[in-house]
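S.K.: build me a model:
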Amino acid sequence: MSSHRTDGVVWCSVCTLSLGTRLWSQVSEAGRGARPDFMVVKAAHHEEDIVVVVELKRPAENTPAGRRRVKEELAAYIEERFAATNFSTIYAIGGIGLSFVVYKMEKDGPPEPELVFRWSPNVTTAASFRKMARLASMVDQMTGTVRDE
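M.R.: You can find the predicted model right below:
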């Protein structure tokens, strides 16, 4: 299994575990080649609303330029999706290999994503899992989701 494919499996697992069963992911077909560029996570109750966008890149793209590109692409993608959600905030996870960053954008805010969590080197660590759990809590609060214990 290629490194990027393995990273994708890890990311799917992290998003599923962190964001819970009341959210589901939709993979965009906008990707280059066989891999998608974006997963859009939507609330699965009442109406389908975009709440988190995830962009995954290959580990080789973990450079300052690659990180800037992730931020720019997330910003553009979120701007296009505000019309498709009832929420005024959309969160974004940028992943390059196992490294990740979390942003948010407000519908009426600046066109620049706001940093929620700085780049972390490995999404599989306990500290990273705590960050993802905090993100899930923010999304739950925004969507009014109550998790089953």
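S.K.: can you give me the strands in this protein?
M.R.: Remark: strands assigned in the chain by DSSP state E are 23-27, 38-43, 49-57, 89-96, 99-106, 114-120.
S.K.: can you name the residues bridging to residue 99?
M.R.: On the basis of DSSP bridges, residue 99 takes part in beta bridges with residue 96.
S.K.: what about it, neighbour count?
M.R.: Residues within reach of residue 99, counting by other CB atoms under 10 Å, total 21. C-betas here are computed from N, CA, C, even on glycine.
S.K.: go on, residue 143?
M.R.: Residue 143 is flanked by 19 other residues according to other CB under 10 Å.
S.K.: now do residue 119
M.R.: Counted with other CB under 10 Å, residues neighbouring residue 119 total 14.
S.K.: that one touches residue 102, doesn't it?
M.R.: No: taking CB atoms under 8 Å as the definition, residue 119 is not a contact partner of residue 102, at 9.4 Å.
S.K.: can you tell me which of the strands of the chain has the worst average pLDDT?
M.R.: Looking at the strands of the chain, the lowest mean pLDDT belongs to strand 23-27 (a mean of 54).
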